[in-house]
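>>> turn this into a structure:
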Amino acid sequence: LQDVAMLPGVYVPSIHGEVLRPVAQADDRFLPAYSPILTPHTELSSMHLVENARGCHRGCTFCVMRRTTNMGMRTVPPEVVLATIPEHARRVGLVGAATTDHPKIKEIMRPIVESGRELGLSSLRADRLDDEFVSLLVAGGARTLTVASDGSSQRMRDVAQRAERLGVRSIAIRFNEKLLAELPDRPSLERAPILLRLAKLNLTIGDDAPARRYARAYIREMKALQGDDLNARFYFNIVDPARNFGRTELAMAFLEEALVDAPPNFRVTETLAEFYARRARTGDVERVLKTYVERMDSSRKGIEHAAKWARRRRNFPLAQFFYEELVATSTPSSSDWYDLAQIYAAQARVEDLRRALKRYLELSGADRRALRDAAQLFSEQRMYEDAEEILSRAQKKYPEDINIAQRFAKLYLDWGKLSKMHDVYS
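Coordinates of the predicted model:
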């Protein structure tokens with residue numbers, strides 16, 4: 001260990017203690033590293049790989065280069081990099097931890113591209129991309145660019161000391177705006193996706209005004225292409241990202257437009273109604289649901305959707321309104337009346353409950369299940385006499401059913417009539 005501890009770059013805890021030794025560095029005269037062998041039998045086939053810089057100056061906390069290069073970066077002069085490229089190499093790859101941070105990176109890229117060679121870079125920094133840089137990459141055969149924000153939020157990037165001067169999304173916005181400007185100023189299937197991307201990108205960076213402007217332009221574009229009765233899914237292309245990034249007002253504005261312009265869609269209705277319900281804006285909730293029902297021509301399906309939504313939200317007065325509309329249609333079912341009875345029970349509307357359960361029993365033929373359901377609902381409301389009457393009917397109709405006897409016994413136990421409970425079992 002004593003001998004090994006003398007070697008540059010070697011750390012022996014028992015000898016060096018807690019102080020780490022400097023990381024060993026190659027002498028500058030050995031730079032750059034490059035591939036002396038050019039062969040098609042590798043992953044990067046027939047590509048000459050050459051280092052244009054070593055190390056990284058940015059110091060992101062998650063990266064091994066923060067420590068292993070002593071927080072420094074050594075660049076190789078362009079003429080030295082270019083001198084390593086053999087004449088027969090048709091593809092060149094620039095390699096390094098921060099390839100694009102070389103102060104003369106374009107002076108290296110330009111001669112390579114102008115010589116007709118393909119060009120690749122091992123890493124791209126978003127804040128180094130400009131029109132000339134991207135043009136050189138395209139001329140060198142690149143068709144896609146991949147850059148990473150290295151963090152789900154700006155806070156996380158700050159924690160990681162991610163030293164980007166300009167965000168990835170800002171770069172994307174600039175290039176999409178440039179692409180949009182090059183297209184003819186008329187509705188097209190090429191423009192619409194770009195407008196949508198620009199709306200989403202501006203949402204992600206919290207720039208609401210352009211996000212709203214591009215979102216409006218996207219909807220106008222799609223209406224021009226597909227007609228004014230645009231399908232609701234195109235509105236949700238805006239609504240969903242707006243919700244995800246907390247832009248509720250923007251989402252609500254487009255839902256309001258979809259409510260009246262798009263073909264009736266209950267997802268639009270319930271999403272918008274939920275927004276208003278969370279704000280205790282009951283008048284707007286009622287308006288939204290009634291608009292949907294009206295646009296559905298007061299069909300059974302539309303009324304049923306609205307009634308069930310109001311019931312799930314425990315908005316019993318509104319649920320009552322729609323269930324009463326439902327039983328007033330030409331083909332009410334027994335379950336409609338039972339649902340309405342449960343709504344009346346939730347509001348302690350005793351006479352209405354009796355009326356609804358009476359109609360429920362009539363339509364269901366007073367079968368075993370219907371009698372048990374009605375008795376149960378009366379019992380839950382402590383309407384014990386009504387429950388007793390229903391169970392008596394059930395017992396006469398189905399005297400062998402032990403379940404009815406057990407319900408009788410529970411009713412009398414809840415009612416406090418223990419003697420009658422014993423009579424049932426007798």
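
>>> secondary structure class for residue 186?
Secondary structure state of residue 186, per DSSP: H, G, I helix; E, B strand; the rest coil, is coil.

>>> and the pLDDT for it?
The pLDDT attached to residue 186 in the predicted structure is 91.

>>> same check on residue 206?
Reported pLDDT for residue 206: 84.

>>> where do the strands of the stretch 101-250 of the chain begin and end?
Listed from the start of the chain, the stretch 101-250 of the chain has strands (DSSP state E, counting those that start in this stretch) covering 118-121.

>>> which stretches in the stretch 101-250 of the chain count as helices?
Counting by DSSP state H, counting those that start in this stretch, residue ranges of the helices within the stretch 101-250 of the chain are 105-114, 131-139, 154-159, 168-182, 191-204, 208-226, 232-244, 248-261.

>>> just the CA trace of the fifth one, in PDB.
Once side chains and other backbone atoms are set aside, the C-alpha atoms of helix 191-204 remain, and they are given as PDB (Å, rounded to 0.1, in the frame of the first residue of the first chain):
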ATOM      1  CA  ARG A 191     -49.400  24.400 -38.900                       C
ATOM      2  CA  ALA A 192     -51.900  23.000 -36.400                       C
ATOM      3  CA  PRO A 193     -49.500  20.600 -34.600                       C
ATOM      4  CA  ILE A 194     -46.900  23.400 -34.300                       C
ATOM      5  CA  LEU A 195     -49.500  25.800 -32.800                       C
ATOM      6  CA  LEU A 196     -50.400  23.100 -30.300                       C
ATOM      7  CA  ARG A 197     -46.800  22.400 -29.400                       C
ATOM      8  CA  LEU A 198     -46.200  26.100 -28.900                       C
ATOM      9  CA  ALA A 199     -49.300  26.300 -26.600                       C
ATOM     10  CA  LYS A 200     -48.000  23.400 -24.500                       C
ATOM     11  CA  LEU A 201     -44.400  24.700 -24.300                       C
ATOM     12  CA  ASN A 202     -45.500  28.100 -23.100                       C
ATOM     13  CA  LEU A 203     -47.700  26.400 -20.500                       C
ATOM     14  CA  THR A 204     -44.700  24.500 -19.200                       C
END
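
>>> so which elements touch that helix?
Applying 3 or more Cβ pairs under 8 Å, 6 or more residues apart in numbering; DSSP states H and E, we find helix 191-204 packed against helix 168-182, helix 208-226, helix 232-244. All C-beta spots, glycine's among them, are computed from the backbone N, C-alpha and C.

>>> need the winner for burial among the ones you listed.
Per-stretch averages of neighbours, counted by mean count of other Cβ atoms under 10 Å, single out helix 232-244 among the helices and strands packed on helix 191-204, with a mean of 20.

>>> now that helix, how far from the centre of its chain.
Averaging C-alpha coordinates over helix 232-244 and over its chain gives two centres that are 10 Å apart (Cα atoms, centre = their mean, to the nearest Å).

>>> and residue 329, that's in a helix?
No. Checked against three-state DSSP, residue 329 lies outside a helix; its state is coil.

>>> what's the neighbour count on it?
Neighbouring residues of residue 329 were enumerated by other Cβ atoms under 10 Å; the total is 14.

>>> residues contacting it?
300, 303 (Cβ atoms under 8 Å, 6 or more residues apart in numbering).

>>> got phi/psi on it?
Here is the backbone geometry of residue 329 (degrees, to the nearest 10): phi -70, psi 170.

>>> tabulate the helices of the stretch 101-250 of the chain (JSON lines), appending distance to residue 293.
Rendered in JSON lines, the data for the helices of the stretch 101-250 of the chain read as follows (distance: least, Cβ to Cβ, whole Å):
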{"stretch": "helix 105-114", "distance to residue 293": "63"}
{"stretch": "helix 131-139", "distance to residue 293": "53"}
{"stretch": "helix 154-159", "distance to residue 293": "44"}
{"stretch": "helix 168-182", "distance to residue 293": "40"}
{"stretch": "helix 191-204", "distance to residue 293": "31"}
{"stretch": "helix 208-226", "distance to residue 293": "25"}
{"stretch": "helix 232-244", "distance to residue 293": "16"}
{"stretch": "helix 248-261", "distance to residue 293": "12"}
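
>>> in JSON lines: the helices and strands packed on helix 191-204, plus distance to residue 314.
Formatted as JSON lines, these follow (distance: least, Cβ to Cβ, whole Å):
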{"stretch": "helix 168-182", "distance to residue 314": "41"}
{"stretch": "helix 208-226", "distance to residue 314": "34"}
{"stretch": "helix 232-244", "distance to residue 314": "23"}
